[in-house]
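K.L.:
Here is a sequence together with a model predicted from it:
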Amino acid sequence: MDEKERKTILQNLPSLVEGVSFDELFNQLRSKNMFNQYMEREIMSAEESKKLEFLYWYVTTRGPYAFEHLVNALKETNHNDLAALLTSPSVGRPGGTIPFLNGTASNQQSLDEEFPFDQEWIVVKTSEILEFDRIRVYRMSSLPKGMALIINNRCFVNNVLEEREGSENDIARLKSILDQLGFEVIVEEELTALEIKKKVQDFSKHKKHSECDSAIVIIMSHGQEDETSKALKIAGTDYKFVTEREITDLLSAKLCEDLRGKPKMFFFQVCSGSD
């Protein structure tokens, strides 16, 4: 969601809350996979009078189609007036074009158009100071913001798994974006299952964690789902596997005291089956 759409929602929050059924709107947005489980728990645990505000706030944090999904959800819950409020020319995109026509974006870029593959992605920073409830929101003021570990497996022993051609481009983009966001990045490549665990374990003991407000682990490889436990299994270059739980546990408060009470973000770019 771009900054203009986000501001449009927040500026019209009083109107968007009045007379709207939380259950109906929440269920419509949920059916569009708008929220993850954490967000749903946060929204549902809010005070009854604040649930709609939490819902709209989380919508503003979602991806490039979140605004469109919200407009369509308002229409589907018989709030065409609110959908029109958000998409009127006076609050629309540059040029006064109404961005959504019959539920379809008339001038919304595709992801390929918005983020061309052969161009560097630039993080657009705002000078606006956002005030958050410090009891509910993690502090993110350290420099660096945190340490980030990127692990990428491209090739596998005896070609038992298909080469992940082009993954070097993912590394370059991730490193660029994380640098711009203020993270210190460590890149490791072509690791066996045992080496993956060892590198994450070494990362958990990095001295800089004590100075930082967060940590990120990104692992890109092949993988599969364990038939019994349904756990995600991540492939090492030796065609042996490490589970996602083995990775996340290494940064637990018990094993990594310096990250206790700090957000730890894990991204697994890994297939979990044959679909």
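P.N.:
On my side now, so go ahead.

K.L.:
in the stretch 1-150 of the chain, what spans have low per-residue confidence?
P.N.:
89-115, 117-118 (pLDDT under 70).

K.L.:
how about the helices in it?
P.N.:
3-11, 13-17, 22-31, 37-45, 51-59, 66-76, 80-87, 111-114 (DSSP state H, counting those that start in this stretch).

K.L.:
which residues in this protein form strands?
P.N.:
For the chain, strands defined by DSSP state E occupy the ranges 100-101, 104-105, 146-152, 183-189, 214-220, 223-225, 232-235, 241-243, 264-269.

K.L.:
Can you work out which other helices and strands pack against the fifth one?
P.N.:
Just to be clear, that refers to strand 214-220. If you count contacts as 3 or more Cβ pairs under 8 Å, 6 or more residues apart in numbering; DSSP states H and E, strand 214-220 packs onto strand 146-152, helix 167-180, helix 193-204, strand 264-269. Using the backbone N, CA and C atoms, a C-beta is placed for each residue, glycine as well.

K.L.:
same thing but 10 Å
P.N.:
strand 146-152, helix 167-180, strand 183-189, helix 193-204, helix 244-249, strand 264-269 (3 or more Cβ pairs under 10 Å, 6 or more residues apart in numbering; DSSP states H and E).

K.L.:
Quick one, which of the ones you listed gets closest to Glu128.
P.N.:
helix 167-180 (17.5 Å; Cβ to Cβ).

K.L.:
List the contacts of the residue nearest the centre of the chain.
P.N.:
Nearest residue to the geometric centre of the chain (Cα atoms, centre = their mean): Arg62, 7.8 Å. Applying Cβ atoms under 10 Å, 6 or more residues apart in numbering to Arg62 gives the contacts Met1, Arg6, Leu29, Lys32, Asn33, Met34, Phe35, Asn36, Met39, His69, Leu70.

K.L.:
Filter these down to the buried ones, ChimeraX style.
P.N.:
Entered in ChimeraX, the line below selects the buried ones among the contacts of Arg62, by 16 or more other Cβ atoms under 10 Å:
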select :1,6,29,32,34,35,39,69,70
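
K.L.:
farthest-separated two in the contacts of Arg62?
P.N.:
Pairwise over those, using Cβ to Cβ, the maximum falls at Arg6 and Asn33, 19.5 Å.
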